[in-house]
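**Student:** Sequence isn't available, so here's the structure alone:
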């Protein structure tokens, strides 16, 4: 019998990202800010970034308004690639919301996130790019 589990445990970032998604969905922006480094960058939309927690908070407030305060964020598959105190997360990010006309809408993105491990072992997001590699296509 092998002395190791047959399947690796999920990376701790799975739980961190799930908690951040719940905070975004709940519009608990104080909680959302606890997931970011002070100098983090959020890709708001292609060509528009928010840097630093003050700008990121304002961006999330505007995003909530844009999605009629109905945005639900969840993750599908996550791949975590860790190197030293940095981790790249490639994720299937699902967005669901209610449009102004009451119709339900959804989108799935291939997001990329960069996290930094802190001295206490916790992980904070330094780059939040829910558009992932689609940013390359928006530049063409």
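**Tutor:** That came through, no problem. The shown structure was predicted, so the numbers you read here are calculated from the model rather than taken from an experiment.
**Student:** Quick check: closest non-adjacent residue to residue 17.
**Tutor:** residue 75 (5.7 Å; CB to CB, 6 or more residues apart in numbering). Quick note: C-beta positions are derived from backbone N, CA and C, even for glycine.
**Student:** my bad, residue 117
**Tutor:** residue 85 (4.2 Å).
**Student:** swap in residue 39?
**Tutor:** Take residue 39 and drop its neighbours on the chain: the residue closest to it by CB to CB, 6+ apart is residue 52, 6.3 Å away.
**Student:** Look up phi and psi at the one you found.
**Tutor:** Main-chain torsions, residue 52, degrees, to the nearest 10: phi 90, psi 150.
**Student:** Contacts only, for it.
**Tutor:** Applying CB atoms under 8 Å, 6 or more residues apart in numbering to residue 52 gives the contacts 38, 39, 40.
**Student:** Distance check, the last one against residue 16.
**Tutor:** Note on residue 40: its distance to residue 16, by CB to CB, to the nearest Å, is 14 Å.
**Student:** Having no further points to raise, I will conclude here.
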